[in-house]
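K.L.:
Sequence below, structure please.
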Amino acid sequence: MNFSELVLPKGLHVRMSKPSDSGFLQRVHNEKRDDLRLVEGEPDFIESLIELQFKAMNQGYGEQFPNAMYFIIEKQNEPIGRAVIDFSENQVHLVDLAIIKKARGNGFGEAVLRSFMHIAGKIGASMSLCVLSHNFAAKRLYLRLGFRVTSIEGPSEKMMWYPQAASKIYV
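P.N.:
Residues are numbered from 1 along each chain as shown. The predicted structure follows:
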């Protein structure tokens, strides 16, 4: 992947994740798991559950997407999020995209997603992702960007974007 082809707003940058990013990656994950903090139980137990979820998620990504690339999203050289992308022969799969709480709502996730869509469009690859059915904000964004629901599996919806839709988002 050629990072110079990423089309990002000034100050936003995407780089490969490094082992030294592990603390930040844990933080991003922990912020996404506020749902588990609603479970009744001792705070230490809940935090250990969140840590187990983090380990299971990473192991699962490694098994399910062995060729995935792990990225850190930065704004003004400060990490604000992460993206996990699996590039296969004819498809790009967005495994995960997460932005820390204090940076949410500024369009950073959308800008990064659009840049990956731009790369997929340049190589003529479709892009897929899965989203939880109750994540209405994310679904609205994906639909606005040209993704379409192709199947529903349990609590998740699989969505696809095809390069011919690129003309709608880059005009």
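K.L.:
Mind telling me what element the residue most central in space within the chain is part of?
P.N.:
A centroid search over the chain (C-alpha atoms, centre = their mean) returns Leu97, at 1.4 Å, as the residue closest to the centre. Mapping Leu97 onto the secondary structure by DSSP states H and E places it in strand 91-99.
K.L.:
Parallel or antiparallel, which strands does that strand pair with?
P.N.:
For strand 91-99, the paired strands and their directions (DSSP bridges) are strand 78-87 (antiparallel), strand 126-132 (parallel).
K.L.:
Could I have the CA atoms of stretch 24-35 written out in CSV?
P.N.:
Extracted in CSV, the C-alpha atoms of stretch 24-35 (Å, rounded to 0.1, in the frame of the first residue of the first chain):
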residue,chain,number,x,y,z
PHE,A,24,-2.9,3.3,23.0
LEU,A,25,-4.6,0.4,21.3
GLN,A,26,-5.8,-0.9,24.6
ARG,A,27,-7.1,2.6,25.4
VAL,A,28,-9.1,2.8,22.1
HIS,A,29,-10.6,-0.6,22.8
ASN,A,30,-11.4,0.2,26.4
GLU,A,31,-13.3,3.4,25.3
LYS,A,32,-15.3,1.3,22.9
ARG,A,33,-16.5,-1.1,25.6
ASP,A,34,-18.6,1.2,27.7
ASP,A,35,-21.4,-1.4,27.2
